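**Student:** Below: sequence and its predicted model.
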Amino acid sequence: MIRRGRADDLHAIGRVFLAARDEMAYLPRIPEEHRSQIATLITRGRDEVWVADEDGQVVAFADLRDDWLAHIYVHPSRQGRGLGTDLIEHAKRRRPDGFRFWVFQNNAGARRFYERHGCRVVKLTDGADNMEHEPDALYEWPATPRVS
């Protein structure tokens, strides 16, 4: 079930983010001193945080702000079960005029996922402007043309 994230989901959102992020061997590990507050840091000031809830447990989340998909993460133990698809389709319904988002270029699985869901690369960078200094790709999901 996809539902709006609540304040009491922050710890679980942080667990999902850290588990998924720890799988990305090309990125530096998030320092221990930041790990307990990571969900607060990544969701601060966000318009909408949506979670995939399975039997009362948050197993994935998407974070929307204006016309940006700031984050979408699925716990590694739950990947490949359609949760990412549920979240990206939910984001499309919430942002019918389209949205943009960044993906690390080395995240080939995520890039294939987004491209399967109709997203396209707008720009590739060398990573100089992100805090990880990892080459990234700006993607967009364009709005579905409206029939008049």
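**Tutor:** It's in. Since the model is a prediction, treat every value here as computed from it, not as a measurement. Residues are numbered from 1 along each chain as shown.

**Student:** Distance from the longest strand along the chain to the middle of the chain?
**Tutor:** Secondary structure of the chain read by DSSP state E shows that its longest strand is strand 57-65. Taking C-alpha atoms, centre = their mean, to the nearest Å, one finds the center of strand 57-65 at 7 Å from the center of the full chain.

**Student:** the helices in this structure, which residues?
**Tutor:** 10-22, 32-35, 38-43, 83-94, 108-116 (DSSP state H).

**Student:** Among those helices, which comes closest to L64?
**Tutor:** Distance to L64, taken as C-beta to C-beta, is lowest for helix 83-94 among these, at 6.0 Å. C-beta here means a position set from N, CA and C on the backbone, and glycine is covered the same way.

**Student:** Just list what that closest one packs against, helices and strands only.
**Tutor:** If contacts are counted by 3 or more C-beta pairs under 8 Å, 6 or more residues apart in numbering; DSSP states H and E, helix 83-94 sits against strand 2-4, strand 48-54, strand 57-65, strand 68-74, helix 108-116, strand 136-142.

**Student:** okay if I get these as TSV plus distance to L41?
**Tutor:** Conversion of the helices and strands packed on helix 83-94 to TSV gives the following (distance: least, C-beta to C-beta, whole Å):
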stretch	distance to L41
strand 2-4	20
strand 48-54	13
strand 57-65	12
strand 68-74	11
helix 108-116	21
strand 136-142	19
